[in-house]
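Novice: sequence isn't available, so here's the structure alone:
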């Protein structure tokens, strides 16, 4: 996702002189192409995310389209008040792009994990929250947010995740979930980098005789209410998947919406990370396995729930 | 953005007598506002009013009829708790009607106790949480370079001394120096008090000018109540040094009213009707 972001941003920068890239001293060589083409629109803001975010708001107040970028907790939580007050309260078109969603950087330890950011950010008025499911969704999301005129948060995984879509997503829309595979029994609503696990879970479920629809629910705010409404009417179980805490994230957003909309919430099941810091060393695959977030584990839980 | 005419720089020599009279009127106005509404931060407003007056009536290249003109100089009241001071200043300068000052803090109004976002002409940024104004000011200053805005407007950020407690101030200071944002100017309303204590006893600011110099700025100490000197200092930006400029303006909290001066109770207290009469008399107002 990371490389797709840098490449797409360079392309956007070629076509739109308002695009300004702000890096929190991260992405060594990643932005070489952008810097090469637009040296006066790339700024390494150092390890100073509060300033980077306020600066972005000031640039956006002058008609520019700044993008702030660094590792997830630093570009979201470290500077949360700047996002809230400078960006969201002023309602200016700053795009916050985070790398390392959830446990993508599991090996770096809990300082670099990001299982709370959706919760912190989706509560902020005016902010669009997008968690792309693969590199093509990253590209499409970035293009889409640059066409709008408001604050946005794009929560990326890292680099080298499997590409789910075949190519460019021509009809990508903010707030419109994408069906990856249709199914008849259960509906898997996946946000962000959990998409490959959702597809894996559907495979295991198919082997167990359960047909699962897989949806890339890339926009957590605003929710695709039509998609949710259809899912809750049509399927016997609707499962939210996220590499994020069960407190306040995507599953919480869906649950809140279902309660407020009068749906039978017994049909809902949530998969996410527990209310704990994950302190073990090891990479993302290990962390997911330990926390029950792999496709086969998710399938087993669904089978158990249905039985 | 409508831009009906070009903006023009103000005259080079400040009219000190006019500025002093204007500052006294504004002080009278904020004292009345505080009294009417019982609202806090009167002393913080009084300490920065000479800076505001010098800026808005001598320094800034602005047209109140075109508050979003691309080439305007920007003034950001980073110490948003001095909202009464900026409201009175903007109203008297013609950005909005003075009648609006009557609605300050009233239910359903636009003039809250800290300046709002996207609501009032002349308010460049909503402030109130300290340490936000300077990063935003950096964004304004850098935008002029990125966009190649003709005339390269200047950006002024007025901060309190207590505000210099915030780490984001120093992040922004280092960024501005690294980017050589010489169209950026900070004025610190150095009244030696923060909300509940002497500022230097809370977090040590001293030596404050030297701090800014060591952070890569061209920094000066000025008397923040010598209105002519303030006007000339601010008008000198950019000053040819290629650096952002900081003015550590020595001020007195509650300036202009003998019984408020340097008495930190007036950070929160509002004056009684009798105190308003005495204060106005001291200010030479009827």
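Specialist: Yep, it's here. From a predicted model like this one, the values you see are computed outputs, not experimental measurements. Residues are numbered from 1 along each chain as shown, chains lettered A, B, ... in the order given.
Novice: tally of neighbours for the residue in the stretch 1-150 of chain A that chain B sits nearest to?
Specialist: Using Cβ to the nearest Cβ, the single residue of the stretch 1-150 of chain A nearest to chain B is residue A:58, 1.7 Å away. To be clear about C-beta, it is placed using only N, CA and C from the backbone, and glycine gets the same treatment. Look at residue A:58: counted by other Cβ atoms under 10 Å in any protein chain shown, it has 33 neighbours.
Novice: so who does it touch?
Specialist: Neighbouring residues of residue A:58 by Cβ atoms under 8 Å, 6 or more residues apart in numbering or on different chains: A:86, B:125, B:135, B:136, B:137, B:138, B:139, B:140, B:141, B:142, B:143.
Novice: just those now: which is nearest residue A:306?
Specialist: The closest of the contacts of residue A:58 to residue A:306 turns out to be residue A:86 (Cβ to Cβ; 47.0 Å).
Novice: touching, the closest one and residue A:57? I think so.
Specialist: Yes. Distance between residue A:86 and residue A:57: 3.7 Å, which falls inside the contact criterion (Cβ atoms under 8 Å).
Novice: now do the shared contacts for these two.
Specialist: Here residue A:86 and residue A:57 share the contacting residues A:92, B:125, B:135, B:136, scored by Cβ under 8 Å, 6+ apart.
Novice: quick one: the strands in chain B?
Specialist: Under the criterion DSSP state E, strands of chain B are mapped to B:74-77, B:155-160, B:184-190, B:218-223, B:245-250.
Novice: oh, that last question was meant for the stretch 51-200 of chain A, not what I typed.
Specialist: Here the stretch 51-200 of chain A has its strands, by DSSP state E, counting those that start in this stretch, at A:65-71, A:95-99, A:128-130, A:152-155, A:178-181, A:186-190.
Novice: okay, now residue A:119: neighbour count?
Specialist: If we define neighbours as other Cβ under 10 Å, then residue A:119 has 18 of them.
Novice: distance of it relative to residue A:53?
Specialist: Distance, residue A:119 to residue A:53, by Cβ to Cβ, to the nearest Å: 18 Å.
Novice: and if you look at residue B:16?
Specialist: Counting by Cβ to Cβ, the gap from residue B:16 to residue A:53 is 41 Å.
Novice: one more: residue A:297?
Specialist: Separation of residue A:297 from residue A:53 (Cβ to Cβ) stands at 37 Å.
Novice: with neighbour numbers in mind, choose between the two.
Specialist: residue A:53 (34 against 19).
Novice: and that one, how far is that from residue A:60?
Specialist: Relative to residue A:60, residue A:53 is positioned 11 Å away (Cβ to Cβ).
Novice: which neighbours do those two have in common?
Specialist: Joint contacts of residue A:53 and residue A:60 (Cβ under 8 Å, 6+ apart) are A:87, A:94.
Novice: got a list of what residue 16 touches?
Specialist: Defaulting to chain A. Contacts of residue A:16 by Cβ under 8 Å, 6+ apart are A:65, A:146.
Novice: um, chain B though
Specialist: Each residue near residue B:16 by Cβ under 8 Å, 6+ apart is listed here: B:227, B:228, B:231.
Novice: looking at those, spot the one nearest chain A.
Specialist: Among the contacts of residue B:16, residue B:231 lies closest to chain A (Cβ to the nearest Cβ), at 25.3 Å.
Novice: I figured the closest one hits residue B:12, correct?
Specialist: No. Taking contacts as Cβ under 8 Å, residue B:231 lies outside contact range of residue B:12: 10.0 Å.
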